[in-house]
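Trainee: okay, predicted coordinates and the sequence, questions at the end:
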Amino acid sequence: MQRVFDRPVFHEAVVRGKHAVADCCAPWKGRASSRLQLTHDYPELGECMLVCATETRSSADLQQYTFQMERVVSKRRL
């Protein structure tokens with residue numbers, strides 16, 4: 001995943017990957033999450049998602065999120 005905009009961010013960043021955003025978000029469907037698919041609201045951004053991490057998230061939360069996202073992306077490569 002890479003950031004779409006190079007401007008400074010506070011808690012949120014728009015990212016784009018090589019996989020469909022719906023596929024990346026599917027494992028978290030129905031659960032509170034820190035990502036938002038932007039495809040429908042901002043079609044000019046294509047397959048992007050908004051990722052948010054506030055002060056309410058611990059380092060362990062961010063590590064778990066990274067681990068889960070890496071699992072999703074690696075499954076999509078198969």
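Mentor: In hand now; what should we look at?
Trainee: any stretches of this structure with poor pLDDT?
Mentor: 26-35, 75-78 (pLDDT under 70).
Trainee: what do you get if the cut-off is 80, keeping everything else the same?
Mentor: Where the chain drops to pLDDT under 80, the residues are 1, 17-37, 69, 72-78.
Trainee: could you list the buried residues of the longest helix along the chain?
Mentor: The helix that spans the most residues within the chain, counting by DSSP state H, is helix 59-77. Buried residues in helix 59-77, counting neighbours by 16 or more other C-beta atoms under 10 Å, are found at 65, 69, 72. To be clear about C-beta, it is placed using only N, CA and C from the backbone, and glycine gets the same treatment.
Trainee: how close does the second one sit to residue 43?
Mentor: Put plainly, it is residue 69. Residue 69 is 23 Å from residue 43, where distance means C-beta to C-beta, to the nearest Å.
Trainee: the chain: helices as residue ranges?
Mentor: Using DSSP H, helices in the chain cover 21-25, 59-77.
Trainee: take the ones you listed and write them to a markdown table, including distance to residue 3.
Mentor: Converted to a markdown table, the helices of the chain look like this (distance: least, C-beta to C-beta, whole Å):
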| stretch | distance to residue 3 |
| --- | --- |
| helix 21-25 | 15 |
| helix 59-77 | 14 |
